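A.B. asks: Attaching a predicted model along with its sequence, questions to come.
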Amino acid sequence: MAAQQDLPGRIEDYALLSDLRSAALVGLDGSVDWLCLPRFDSPSCFGRLLGDDGAGRWLLAPTAPVTSVRRRYRDTTLVLETEFETQDGVVRVVDAMPPHADGGMDEPKLVRTVEGVSGEVEMRLRWVVRFAYGDSTPWVRRVRVGEQDHILAVAGPHAVVLRGDRLPYRVHHERAHEAVFTVAEGQRLAWTMEFTTTPDDPNPAVDPYAEIARTERFWHEWQARISYEGPHQEALRRSLATLKALTYAPTGGIVAAPTTSLPEALGGERNWDYRYCWLRDATLTLLAFDSFGCTQEALAWRSWLLRAVAGDPADLQIMYAIDGERHLLEWEVGWLPGYHGAKPVRVGNAAFDQLQLDVYGEVMDALHLARERGVTESAESWALQRGLLRHLELIWEQPDRGLWEVRGPDRHFTHSRVMIWVAFDRAVRAVEEDGLPGPVDRWRELRDAVHAEVLAKGWNDEVGAFTQYYGGTDLDAATLLIPAVGFLPGNDPRVQATVTAIERQLKHGDLVDRYTTTAGESSVDGLSGHEGSFLACSFWFVDALALCGRRQDAEAMFERLVALANDVGLLAEEYDHDARRFTGNFPQAFSHLALVNSAAILYGDQAGRHEASRR
Ligand SMILES: OC[C@H]1O[C@H](O[C@H]2O[C@H](CO)[C@@H](O)[C@H](O)[C@H]2O)[C@H](O)[C@@H](O)[C@@H]1O
């Protein structure tokens, strides 16, 4: 029994399912180890990822030792097939979360089927439901409706219904349910587990096979909208599908990742909850969508933004909940041991009320590019941007926490200052190029002032590079974005020198650290320990190489980075180059959107446009 109680797999062992409201992670061992219902940011009902069997899981796997596992998504969809080979034969487990139907009353559900491929294989289904991040053991009972039984697990506000061909029974002396059965070649069995707010009267049963077919159709139709025929099709389509999967369909908000507290350093304390919508990550995601023809997502996100930011621009936050909720109070889940012991497990995110001035630039840039691609500005959306700029005029000189959301002191981070320039630059261009009304002379003056300031204070002659913050000597991979946003061209000697310095100091093979983590008083981020290399920064390095004229190097590095994805094309936030393992939350939008944006620079319709048109 020990094998069932053990720890979760490596981060790269997981595949993602999503119904555009929440997501599940399925391990190579056939165990669903992460699921929060009914939303991405709800408490988990399967939380083994951050603990063990006792935090909840749903295992569906052979009882005998597995000699090999093969896994793939069906084509470009999010229907997952895992084939287990044992000495007795081969079985295929198919997993899906049927997508939320627009305006539908359907509740989130997980569908699992098993098909006998050859021989006869004994399978174990082990179902351990723990609500409230593992803290709440439900009352589980078998209910008969007409000719059919289902199992209901209820605890306070949480309830799920399990239906299927082999319902599990309570395991003596364990708070778990199990079924053991055999599957012969050609035979198939199915289960659905559905969230319900009305446990005494749940939604009627659905046909699991029809739901899987619907899921497949949905993703095929979605992929048909992507206009791209260039290299690395598969990686690009998987990344775009992953970004779509992280979108909360009812509002258009996009989560940074579906997990909390997967550690940035194995065993460390750098563990954060990413199940929220960061303006930075979401706007960059929007750019990624937009580069490949997904305009609907751009509009949905703009509506989300208008709702979330509504009211006083002075109240702008850097992140919100997926429904626009503002207070993301951070707390520690003391009873969960954390991923392989990495404590604490955090829920909420204290960064929500930080000042991060780069966000103004990212929002203005995303809306500028949406305009360039034909999305017309509504009266409200331009009024919102003018309001943001009015507020930025008042606060732009302040120090902030920067895009890395440091928990150390506020500083004048060079990247933040560059993005302030972007905000005013895009405002000026809205007037000059799109004829929108606004105080263009004042915006021009501010744009030029911040440009001069960055060149005077962000550049350090002794270091021979743009530094992380004014007066400092450390480097920051975020300055790689200087040519991509058009602040300086890629052939500017200061840009080229910064790329060379970062290559020397922050790059290990193809992996680039965000900055140098140091412990103690001098630590810029206020945290202890080190972290893995940041995958998005590694892709930014590719972009900088391309924009500096080193295209061949850029393409070769891009290819190697793409190969770091796991067997089903997914990327975590970071990569530990010594352990050769993913670290940080998973799968992470930032990494996937950076991959997509690199592909857009290297191979997209927009290739080469950055330097010419974004200045
Ligand atoms: O490293 C410290 C910070 O880490 C998280 O922030 C990171 O993730 C965000 C979401 O992807 C991203 O927008 C940000 O740039 C990253 O630094 C965490 O959410 C913060 O609370 C934490 O201070």
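C.D. replies: Received, thanks. Numbers count the residues shown, from 1 in each chain.

A.B. asks: Pretty sure L545 sits in a strand.
C.D. replies: No - under DSSP: H, G, I helix; E, B strand; the rest coil, L545 sits outside any strand and is assigned helix.

A.B. asks: In contact with the nearest residue to it once chain neighbours are set aside: list those residues for me.
C.D. replies: Among residues not flanking L545 along the chain, A554 sits closest, at 3.9 Å (C-beta to C-beta, 6 or more residues apart in numbering). Heads up, the C-betas are built off the backbone N, CA and C, glycines and all. Contacts for A554 were tallied using C-beta atoms under 8 Å, 6 or more residues apart in numbering; they are 542-543, 545-546, 598, 602.

A.B. asks: what helix or strand is A554 on?
C.D. replies: helix 551-562 (DSSP states H and E).

A.B. asks: Could I get the buried residue list for that helix?
C.D. replies: Of the residues in helix 551-562, 554-555, 557-558, 561-562 count as buried by neighbour count, 16 or more other C-beta atoms under 10 Å.

A.B. asks: Dump it to PDB, keeping only the CA atoms.
C.D. replies: Taking Å, rounded to 0.1, in the frame of the first residue of the first chain, the C-alpha atoms of helix 551-562 are listed here in PDB:
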ATOM      1  CA  ARG A 551      19.100  35.600 -35.600                       C
ATOM      2  CA  GLN A 552      20.800  32.200 -36.100                       C
ATOM      3  CA  ASP A 553      21.900  32.100 -32.400                       C
ATOM      4  CA  ALA A 554      18.300  33.100 -31.500                       C
ATOM      5  CA  GLU A 555      16.700  30.400 -33.600                       C
ATOM      6  CA  ALA A 556      19.100  27.700 -32.200                       C
ATOM      7  CA  MET A 557      18.500  28.800 -28.600                       C
ATOM      8  CA  PHE A 558      14.700  28.900 -29.200                       C
ATOM      9  CA  GLU A 559      14.800  25.300 -30.400                       C
ATOM     10  CA  ARG A 560      16.700  24.100 -27.400                       C
ATOM     11  CA  LEU A 561      14.400  26.000 -25.000                       C
ATOM     12  CA  VAL A 562      11.300  24.500 -26.700                       C
END
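
A.B. asks: chain center to the longest helix along the chain: distance?
C.D. replies: Taking DSSP state H as the criterion, the chain has its longest helix at helix 414-434. Here helix 414-434 shows a centroid-to-chain-centroid distance of 27 Å under the convention C-alpha atoms, centre = their mean, to the nearest Å.

A.B. asks: tilt between the following helix or strand past it and helix 414-434?
C.D. replies: Counting by DSSP H and E, the element after helix 414-434 in chain order, helix or strand, is helix 440-453. Going by axes from the mean of the first three to the mean of the last three C-alpha atoms, to 10 degrees, helix 440-453 is angled at 150 degrees with respect to helix 414-434.

A.B. asks: Do the longest helix of the chain and the ligand come into contact?
C.D. replies: No - Helix 414-434 is not in contact with the ligand by C-beta under 6 Å from any ligand atom; minimum separation 10.1 Å.

A.B. asks: which stretches of the protein have low pLDDT?
C.D. replies: Residue ranges of the chain with pLDDT under 70: 1-5, 102-103, 518-523, 527-529, 605-615.

A.B. asks: domain assignment for it?
C.D. replies: 2-203, 240-613 (automatic domain parsing).

A.B. asks: Check which helices and strands whichever strand in the chain runs longest is in contact with.
C.D. replies: Scanning the chain for the strand with the most residues, using DSSP state E, yields strand 109-128. Packed against strand 109-128, as judged by 3 or more C-beta pairs under 8 Å, 6 or more residues apart in numbering; DSSP states H and E, are the following elements: strand 31-36, strand 57-62, strand 80-86, strand 89-96, strand 177-184, strand 188-195, helix 208-224.

A.B. asks: what are the pairing partners of that strand, and which direction each?
C.D. replies: strand 57-62 (antiparallel), strand 89-96 (antiparallel), strand 177-184 (antiparallel), strand 188-195 (antiparallel) (DSSP bridges).

A.B. asks: returning to what we had before: export the longest helix of the chain to PDB, keeping only CA atoms.
C.D. replies: Taking C-alpha atoms only, helix 414-434 is exported to PDB below (Å, rounded to 0.1, in the frame of the first residue of the first chain):
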ATOM      1  CA  THR A 414      15.200  50.300 -14.500                       C
ATOM      2  CA  HIS A 415      12.600  48.000 -16.100                       C
ATOM      3  CA  SER A 416       9.800  49.800 -14.400                       C
ATOM      4  CA  ARG A 417      11.100  53.100 -15.600                       C
ATOM      5  CA  VAL A 418      11.400  51.800 -19.200                       C
ATOM      6  CA  MET A 419       7.800  50.700 -19.000                       C
ATOM      7  CA  ILE A 420       6.700  54.100 -17.800                       C
ATOM      8  CA  TRP A 421       8.300  55.400 -21.000                       C
ATOM      9  CA  VAL A 422       6.200  52.800 -22.900                       C
ATOM     10  CA  ALA A 423       3.000  54.000 -21.300                       C
ATOM     11  CA  PHE A 424       3.500  57.600 -22.300                       C
ATOM     12  CA  ASP A 425       4.900  56.600 -25.700                       C
ATOM     13  CA  ARG A 426       1.800  54.600 -26.600                       C
ATOM     14  CA  ALA A 427      -0.400  57.400 -25.400                       C
ATOM     15  CA  VAL A 428       1.400  59.900 -27.700                       C
ATOM     16  CA  ARG A 429       1.000  57.400 -30.600                       C
ATOM     17  CA  ALA A 430      -2.700  56.900 -29.900                       C
ATOM     18  CA  VAL A 431      -3.100  60.600 -30.600                       C
ATOM     19  CA  GLU A 432      -0.600  60.900 -33.500                       C
ATOM     20  CA  GLU A 433      -1.500  57.600 -35.300                       C
ATOM     21  CA  ASP A 434      -5.100  56.800 -34.300                       C
END
